[in-house]
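Participant: Model the structure of this input:
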Amino acid sequence: MTVTVATFYKFVALPDCEQWQSRLQNQCVEAGLRGTILLAQEGINATVAGDLAAIDGLLATLRSDPRFGDLTVKESTAATPPFGRMKVKIKREIVTLGQPEADPTQTVGTYVPPEQWNALIQDPEVVLIDARNDYEVGIGTFEGAINPSTDHFRQLPDYLDHTLDPKRDRKVAMFCTGGIRCEKATAYLRRRGFEAVYHLQGGILKYLETVPETDSLWRGECFVFDERVAVRHGLEPGSYDMCRACGHPISATDKADPAYVPDVSCPHCVGDNDAV
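Facilitator: Numbering: from 1, shown residues only. Presented below is the predicted three-dimensional model:
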């Protein structure tokens, strides 16, 4: 059995998100889809998995609304369902940055297709920022990328404010898993006076899907927010598992550590009272 995994987002005015919540929840459950759809007045952010025909039906429903007519979707496959249930939730933001002025519908960085990304990030004038959190960067990132060492996306603006200067850092490139975080992060930098701001179109996942491994500047694996844990080039399943106590990705080396006890602890959380 092969399960299709579809990931998509769009920033668009969605004042009727409550009506969409019940409609999408009912359709997804009836079609046997599993995953998470986040709705907010600023748009939609989703990853769903299931039968391809069911996913096509969901996308047809969304695209019947002109606001979602140009919705772009990234699809991959999994051997087993990567989600346990279907959730359609309403949030304040579809990705939480906590900076209302960072509005991707008003301004955003320049999209760079995966095929052109290598040339950009090898430009010595480019400051390359990984917009993801520290535990994600730890299992893979682009060659030469800076790790902001954040625990949450909402911490990124503080890092950017204290590290980058629009008069000194003339070119800034950013990347994240699927592209959504960079929509807000580049919008934030544009509002702060940075002019030459770029981000990887489609995110790391599109790059791994598009760019041959022999030409790749990606090192390691890419963390994904489902039961696959990580993927490699070609979006093949990666080698990482997940600690059920703290949610941190764990390698074979981690699982060989005495601190690793299945469902109890791993080297990243042993002795941590927050791990349950």
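Participant: Can you pull the domain assignment for this structure?
Facilitator: The chain resolves into domains spanning 3-90, 110-219 when parsed by automatic domain parsing.
Participant: Quick one: mean pLDDT for the last one?
Facilitator: This points to domain 110-219. Taken as a whole, domain 110-219 has a mean pLDDT of 97.
Participant: Leaving out sequence neighbours, find the closest residue to residue 222.
Facilitator: Excluding its sequence neighbours, the residue lying closest to residue 222 (C-beta to C-beta, 6 or more residues apart in numbering) is residue 204, at 4.9 Å. Using the backbone N, CA and C atoms, a C-beta is placed for each residue, glycine as well.
Participant: any idea whether that neighbour is helix, strand or coil?
Facilitator: Three-state call for residue 204 (DSSP: H, G, I helix; E, B strand; the rest coil): helix.
Participant: so how far is residue 117 from it?
Facilitator: As for residue 204, its distance to residue 117 is 10 Å (criterion: C-beta to C-beta, to the nearest Å).
Participant: export the domains of the chain to JSON lines and tack on distance to residue 235 and mean neighbour count?
Facilitator: What follows is the domains of the chain, written out as JSON lines (distance: least, C-beta to C-beta, whole Å; neighbours: other C-beta atoms under 10 Å):
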{"stretch": "domain 3-90", "distance to residue 235": "4", "mean neighbour count": "17"}
{"stretch": "domain 110-219", "distance to residue 235": "5", "mean neighbour count": "18"}
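Participant: could you dump the ones you listed to CSV with distance to residue 245?
Facilitator: Shown next, in CSV, are these (distance: least, C-beta to C-beta, whole Å):
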stretch, distance to residue 245
domain 3-90, 17
domain 110-219, 14
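Participant: Which of those sits closest to residue 247?
Facilitator: domain 110-219 (8.5 Å; C-beta to C-beta).
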